[in-house]
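Enquirer: Any chance you can model this:
(4 chains)
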Number of protein chains: 2
Amino acid sequence: MARNNRQTSPETEFLATYDASAFEHPSVRTDVLIFSVSNSSAENWRRSDKKWFSVLLLRRDQYPEIGKWNLPGTFVNNNETAVDAAYKVLRSEPGAHGDVYLEQLYTFDAINRDPRTRVFSIAQMALVDKNKIQYSGQRDVKWFNIEYDNDTLLLHNDNLTLTEKDLAFDHAVIIKTGIERLRNKIGYTDIVFDMMPPEFTLGELQQVYEIILGHKLIPAVFRRNIAKKVVSTGKMRTGSGHRPSVLFKKK
Amino acid sequence: MARNNRQTSPETEFLATYDASAFEHPSVRTDVLIFSVSNSSAENWRRSDKKWFSVLLLRRDQYPEIGKWNLPGTFVNNNETAVDAAYKVLRSEPGAHGDVYLEQLYTFDAINRDPRTRVFSIAQMALVDKNKIQYSGQRDVKWFNIEYDNDTLLLHNDNLTLTEKDLAFDHAVIIKTGIERLRNKIGYTDIVFDMMPPEFTLGELQQVYEIILGHKLIPAVFRRNIAKKVVSTGKMRTGSGHRPSVLFKKK
DNA sequence: CCAATAGTGTCTGTGAGACAGTATAAG
DNA sequence: CTTATACTGTCTCACAGACACTATTGG
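Expert: Sure thing, here's the model as predicted:
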């Protein structure tokens, strides 16, 4: 039918007769690591809240790996990018609205990582301020506090503690890869602020660095370095049994 | 048939009836950035050779984008990983044998990046010592010297110079992403040595750092820093019209 | 007053940057 | 002797780490 069209090039003809279904095709998913920062209340009135680094997980109610926990994710349709698909996930499961930091993490492609069929997962990492999230309160969607030392991962939610074997597929590896990426980038980027509320004290910000890096920082050094990235709001935070602190915002 | 088998679980039954072909499936490729270092001979007998940072490209002899240049690559079969597929590419096109450094770079997934059908490309970056490669000498397989400033990419091979529009698909973006990754990692990893011959002078090593980073380094500082990563072989390189230099190897 | 965090001043050691100066081969 | 690279010594400046010291609140 296009034969008599003068604009038909050899390339257009080639494409018209190209049959993609002639090859065997795998599935492509995106799994989304949603990281945030939680507070657990302190042991005594004068102490400040303890901060935790946390990740959102869903409990599987379907085969395969029913009952285990996994990252929220979805298949990537042929008319959308992995980022498009990830934003759909973010809007549905945790109800995140507005701007959310998202970056591609790594593509996981072990041959038998999913028992159903060959599945490639373009894993992505999202950083959110938990206060901005309309937590659906759904059963089986929970934030887990991360404990990660010596390549061993523990995830805590109240009395429930998960180890790697309680996670479905290769999602423990995905989480560990994300933590490592974040640890690396926190030093030379501004991504911490994507997990912070608009106003915060330098003590709180330092705590967030500490839980992500997994070690303590020296306050004087931290303040010297962070000074170029933040600016004072002039406001103070009071009500704690000690000297009030200045509230800062991202510069 | 498995109905009477006592070991049949609900999960096994689920998997037996799961039909992956019920969904629409894309294609998954891997494209391999093969980076190396070239010499172009110096203008005068006393000067040392000028080094270039280079990438291997193939000229397309098929639709689509016939005549343009692209990275070597292949579709990823359902029984292999992207890394497996990349090693097949490395063994065929440039004839690389032995150990080759390979890392996953990024997965490119723009919806219309390939006019044939939806194609995801898990791009990978390989670093090779060009001396170890049995260059097939095939027509239309060439090393191009990289010139990359201000987000503009130029590729040179003798009298032939390519700009981004001479590259097929989104391969110009893949190359730029690879250069950036390498620039970042060269400072805190040992991957330079994967592009070096077993023995080299510190002057040569410094030149390689300089072409990758795109700027000059101060010899005294460079030597101070690299000292912990290299060890002298005791041998000297002579024959150049100036003081001979010590040959080093990776520590 | 006490406990706990906020915030500053300053000393010390390490290492980057800069530059001058010496060494040594081939033609 | 010239040219070009190899290699070393040392001064200065910036900054990380360390630590002591002061400030300020609620109870």
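Enquirer: rest of the way, CA atoms for contacts and neighbours
Expert: Fine.
Enquirer: Around the closest residue to residue A:131 other than its chain neighbours, how many other residues sit close by?
Expert: Leaving aside its chain neighbours, residue A:131 sits nearest to residue A:197 (7.2 Å; criterion: CA to CA, 6 or more residues apart in numbering or on different chains). Residue A:197 is flanked by 14 other residues according to other CA atoms under 10 Å in any protein chain shown.
Enquirer: Name the SS class of residue A:197, please.
Expert: Applying DSSP: H, G, I helix; E, B strand; the rest coil to residue A:197 yields a three-state assignment of coil.
Enquirer: what about the stretch 101-250 of chain A, any weak spots by pLDDT?
Expert: A:135-137 (pLDDT under 70).
Enquirer: one more time with 90
Expert: Within the stretch 101-250 of chain A, the set of residues satisfying pLDDT under 90 comprises A:130-140, A:150, A:158.
Enquirer: Doesn't residue A:122 belong to a strand?
Expert: Yes. Under three-state DSSP, residue A:122 falls within a strand.
Enquirer: Which strand residues bridge it?
Expert: residue A:107 (DSSP bridges).
Enquirer: for residue A:177, what are its contacts?
Expert: Residue A:177 makes contact with residue A:105, according to CA atoms under 8 Å, 6 or more residues apart in numbering or on different chains.
Enquirer: helix or strand for it, which one?
Expert: Using DSSP states H and E, the element containing residue A:177 is helix A:171-185.
Enquirer: Please report how far the residue nearest in space to the middle of chain A lies from chain B.
Expert: By CA atoms, centre = their mean, chain A has its centre lying nearest to residue A:34, at 2.5 Å. According to CA to the nearest CA, to the nearest Å, residue A:34 and chain B sit 20 Å apart.
Enquirer: So what's the residue count around the residue nearest to that residue when sequence neighbours are not counted?
Expert: In space, and not counting its chain neighbours, residue A:34 is closest to residue A:126: 4.7 Å by CA to CA, 6+ apart. For residue A:126, the neighbour count with other CA under 10 Å is 22.
Enquirer: I am assuming residue A:126 contacts residue A:99, so please confirm or correct that.
Expert: No. If you go by CA atoms under 8 Å, residue A:126 and residue A:99 don't touch, sitting 10.5 Å apart.
Enquirer: Residue numbers of the stretch 101-250 of chain A in contact with DNA strand C?
Expert: Residues of the stretch 101-250 of chain A that fall close to DNA strand C, judged by CA under 7 Å from any atom of the strand: A:201-204, A:219-220, A:223, A:241-246.
Enquirer: May I see the buried residues of the helix holding residue A:177?
Expert: Within helix A:171-185, the residues scored as buried using 16 or more other CA atoms under 10 Å in any protein chain shown are A:171, A:172, A:174, A:175, A:177, A:178, A:179, A:182.
Enquirer: One more: stretch A:161-172?
Expert: Within stretch A:161-172, the residues that count as buried by 16+ other CA under 10 Å are A:162, A:164, A:166, A:167, A:168, A:169, A:170, A:171, A:172.
Enquirer: DNA strand D contacts on chain A?
Expert: Applying CA under 7 Å from any atom of the strand, one finds that chain A approaches DNA strand D through A:218-221, A:224-225, A:238-244.
Enquirer: do stretch A:41-61 and chain B meet?
Expert: No. Using CA under 8 Å from any CA of the partner chain, we find that stretch A:41-61 stays clear of chain B, coming within 12.2 Å at best.
Enquirer: What is the end-to-end distance of that stretch?
Expert: 31 Å (CA to CA, to the nearest Å).
Enquirer: mind checking the SS state of the residue nearest to the centre of chain A?
Expert: strand.
Enquirer: Now do the contacts for it.
Expert: Residue A:34 neighbours (CA under 8 Å, 6+ apart): A:55, A:56, A:125, A:126, A:127, A:128.
Enquirer: between those residues, which is closest to chain B?
Expert: Distances from chain B to the contacts of residue A:34, taken as CA to the nearest CA, are shortest for residue A:125 (13.7 Å).
Enquirer: quick one: the closest one is in a helix?
Expert: No. Residue A:125 is assigned strand when assessed by three-state DSSP, not a helix.
Enquirer: For the residue nearest to it when sequence neighbours are not counted, grab the count of nearby residues.
Expert: The shortest distance from residue A:125 to any non-neighbouring residue, by CA to CA, 6+ apart, is to residue A:33 (4.7 Å). For residue A:33, the count of nearby residues is 28 (other CA under 10 Å).
Enquirer: go on, the one 3 residues further on?
Expert: The tally of other residues near residue A:36 (other CA under 10 Å) stands at 24.
Enquirer: and if you look at residue A:150?
Expert: 5.
Enquirer: tell me the strands in chain A, going along the chain?
Expert: A:27-40, A:50-59, A:69-70, A:73-75, A:101-108, A:119-127, A:141-149, A:152-157, A:160-162, A:200-201, A:230-237, A:245-250 (DSSP state E).
Enquirer: how about JSON lines for those strands, with distance to residue B:50 added?
Expert: Below are the strands of chain A laid out as JSON lines (distance: least, CA to CA, whole Å):
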{"stretch": "strand A:27-40", "distance to residue B:50": "45"}
{"stretch": "strand A:50-59", "distance to residue B:50": "50"}
{"stretch": "strand A:69-70", "distance to residue B:50": "53"}
{"stretch": "strand A:73-75", "distance to residue B:50": "49"}
{"stretch": "strand A:101-108", "distance to residue B:50": "36"}
{"stretch": "strand A:119-127", "distance to residue B:50": "40"}
{"stretch": "strand A:141-149", "distance to residue B:50": "47"}
{"stretch": "strand A:152-157", "distance to residue B:50": "48"}
{"stretch": "strand A:160-162", "distance to residue B:50": "57"}
{"stretch": "strand A:200-201", "distance to residue B:50": "53"}
{"stretch": "strand A:230-237", "distance to residue B:50": "45"}
{"stretch": "strand A:245-250", "distance to residue B:50": "46"}
